[in-house]
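Trainee: Pasting the sequence and the predicted coordinates here, then a few questions.
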Amino acid sequence: MNVKMLSSPRHCVSLLLAVFVSGCYGYSIRYDGYKVLRVDASNERHLRLMNQLQHDREIAQWVKDIAATYPSLATEVQVGLSYEGRELRALKVGSEQSESKEAIWFHGTLHSREWISPATVMFMTNQLLVDYSHDPDVQKYLDTYDFYILPVMNPDGYEYTWTDNRLWRKTRSPNEGSPCYGTDGNRNFEFMWGEPGASDDPCDNNYRGPFAHSEIEVKSVTDFILDTSEKQTFSLFIDFHCYGQMWITPWAYSIEEPLHYSEQHTCAGRAASAIESVHGTPYIYGNIISNADPASGLTLDWGYGTANIKHSYLVELRDRGEYGFLLPEDQIIPSGEETYAGLKAMLDCILEGQVV
């Protein structure tokens, strides 16, 4: 029996949860042709988790469960360990994974208080795997690329936001000679490290660290990407943050436009347009200094300037300050849906050769 139900985007989350509770499987939900959300017994548990914020240990278990649920498409990868010994658990997602394929990297939760970041990364990962069975575009993505996806890059800081300080931003490593803990991981990357836009005070939120890649989490991720790039060419690098609703292109440290700025700007614009088309969430895009102060030692500049990944971006997710870092759980699914649309638009742009 086919049953059609109409729902506005505002009430779609409630509709999803109502169907989940009913225990019904084998159905699909479509948004104005935007996508089909398919739910069956194999992925229903994962979609339940998408609607809730998760501890690091729960996200680590989710990574294991996803790899077990989709063994032909997903493999668990350990990128390294945090300062406190937590595993940096990533997924390698792709069909017929091969070192001859090009690669894509994206991660969340470099800043630990940005809880919508891992939730959005998890949602998009789940949808890539679910949609592979019926979406020709997703089939093309996973057949062309191996995706390396790390939901939580700063697990120590993230866990600390659950146990001690909800608004903690930095890592949790001690600083010699200072009572203040932690380094801003997004000021610790070696490319233009220590230039304006980062602090040398260990008590500041944007403390750059005592030296580039002083944080084991940063060193583990950069070593992993550089080691992998000896076998696979990376086509895309994205660092997901919140908040601000921006799709940011290099450079973060300088107003100067990089060599590939036109292509980066075009694809960022297509991603921003796709995001807005889903729930009407407006994004600005382009060079960070057009929208904020200079910042040095950032991920996207390292991705472009050191790892030579042409399409290297930093994305600031919802919202623009109404809730800020305390975005409520009922915005997880909408954030995931719109960002997934942006990711797909970005991939299409790269595959098409940045057709303007």
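Mentor: Right, received. Where do you want to start? Numbering: from 1, shown residues only.
Trainee: residue ranges of the helices in the stretch 1-150 of the chain, please?
Mentor: According to DSSP state H, counting those that start in this stretch, the stretch 1-150 of the chain carries its helices in the segments 9-22, 44-50, 56-69, 116-131, 136-144.
Trainee: mean pLDDT lowest for which of those helices?
Mentor: Averaging pLDDT over each of the helices of the stretch 1-150 of the chain singles out helix 9-22 as the lowest, with a mean of 42.
Trainee: low pLDDT regions in the protein?
Mentor: Flagging of the chain using pLDDT under 70 yields the residue ranges 1-52, 97-98, 290-292, 354-356.
Trainee: again, 50 this time
Mentor: Applying pLDDT under 50 to the chain flags residues 1-3, 5, 7-42, 354-356.
Trainee: can you confirm Val315 is in a strand?
Mentor: Yes: checked against DSSP: H, G, I helix; E, B strand; the rest coil, Val315 lies within a strand.
Trainee: burial measure for it, as a count.
Mentor: The criterion is other C-beta atoms under 10 Å. On that basis, Val315 has 29 neighbouring residues. Bear in mind the C-beta positions are built from the backbone N, C-alpha and C, glycine included.
Trainee: Touching, it and His241? I think so.
Mentor: Yes: A contact is recorded between Val315 and His241 when judged using C-beta atoms under 8 Å, the distance being 6.7 Å.
Trainee: hey, where'd the helices end up in the stretch 201-350 of the chain?
Mentor: Going by DSSP H, counting those that start in this stretch, the stretch 201-350 of the chain shows helices at 216-229, 261-279, 299-305, 332-351.
Trainee: Pick the most deeply packed of those.
Mentor: Of all the helices of the stretch 201-350 of the chain, helix 299-305 has the most neighbours on average by mean count of other C-beta atoms under 10 Å, namely a mean of 26.
Trainee: With just CA atoms, put that helix into PDB.
Mentor: As requested, the backbone C-alpha atoms of helix 299-305 are provided in PDB (Å, rounded to 0.1, in the frame of the first residue of the first chain):
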ATOM      1  CA  THR A 299      43.100  23.800   8.600                       C
ATOM      2  CA  LEU A 300      41.900  25.100   5.200                       C
ATOM      3  CA  ASP A 301      45.200  27.000   4.600                       C
ATOM      4  CA  TRP A 302      47.200  23.900   5.500                       C
ATOM      5  CA  GLY A 303      45.000  21.700   3.300                       C
ATOM      6  CA  TYR A 304      45.500  24.000   0.300                       C
ATOM      7  CA  GLY A 305      49.000  25.300   1.000                       C
END
